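**Student:** Turn this into a structure:
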Amino acid sequence: VQALVESGGGSVQTGDSLKLACEMIGRATGSFAVGWFRRLPGKERNFVAAISRSGKTEYSDSVKNRFAISRDNDKKMVYLQMNDLKPEDTAVYSCAARFTTNADNPGRHESEFDYWGQGTQVTVSS
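**Tutor:** Residues are numbered from 1 along each chain as shown. I've put the predicted structure just below:
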């Protein structure tokens, strides 16, 4: 992976949906697990969701059953479908990638990920 580019952020109302996209630029992107993290205003960056090379997923408790991560290896894209958005979801969302030989391990710790995008702002108003 040479770069990660996020898109799809914006301003929405409580209960709305957004779909974020992460484009992986480079070669052998199928060898990378990908995660989404978010940084709330004035807070540390937190794990949101991750998907392994084989498609196994993992979510933080705060977004489980509302968000869904998926990947399209042919298009070199990873998506984060966010439903039933709440004001507390307001944050800068970043995708991150990590090379791994373990096809089934998505990862969830920030320190595991080596490549990061610039982030996209999501704002949810009540």
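
**Student:** Can you verify my assumption that residue 78 contacts residue 33?
**Tutor:** No. Shown here, residue 78 and residue 33 do not form a contact pair, counting by CB atoms under 8 Å, at 9.7 Å. Quick note: C-beta positions are derived from backbone N, CA and C, even for glycine.

**Student:** Overlap of the contact sets of these two?
**Tutor:** Shared contacts of residue 78 and residue 33 (CB atoms under 8 Å, 6 or more residues apart in numbering): residue 51.

**Student:** residue closest to the middle of this protein?
**Tutor:** Note on the chain: the residue nearest the mean C-alpha position is residue 36, at 2.2 Å, using CA atoms, centre = their mean.

**Student:** Please report phi then psi for the residue nearest to it when sequence neighbours are not counted.
**Tutor:** Leaving aside its chain neighbours, residue 36 sits nearest to residue 48 (4.3 Å; criterion: CB to CB, 6 or more residues apart in numbering). Torsion angles at residue 48 (phi, psi; degrees, to the nearest 10) stand at phi -110, psi -60.

**Student:** Would you confirm that residue 48 contacts residue 58?
**Tutor:** No. With contacts counted by CB under 8 Å, residue 48 stays clear of residue 58, the gap being 9.9 Å.

**Student:** So which of these two has more stuff around it?
**Tutor:** Of the pair residue 48 and residue 58, residue 48 is the one with more neighbours under other CB atoms under 10 Å, namely 25 against 18.

**Student:** ranges for the strands of the protein?
**Tutor:** 3-7, 10-13, 18-25, 32-39, 45-51, 57-59, 67-72, 77-82, 91-99, 115-116, 120-125 (DSSP state E).

**Student:** Relative to the last one, what are the paired strands and their orientations?
**Tutor:** Partners of strand 120-125 in the sheet, by DSSP bridges, are strand 10-13 (parallel), strand 91-99 (antiparallel).

**Student:** Out of those strands, which is the most enclosed?
**Tutor:** For the strands paired with strand 120-125, the largest average neighbour count (mean count of other CB atoms under 10 Å) is found in strand 91-99, namely a mean of 22.

**Student:** Pull the residues that contact that strand.
**Tutor:** Strand 91-99 is contacted by residues 1, 4, 6, 9, 20, 22, 24, 29, 31-41, 45, 48, 78, 80, 107, 110, 112-122 when judged by CB under 8 Å, 6+ apart.
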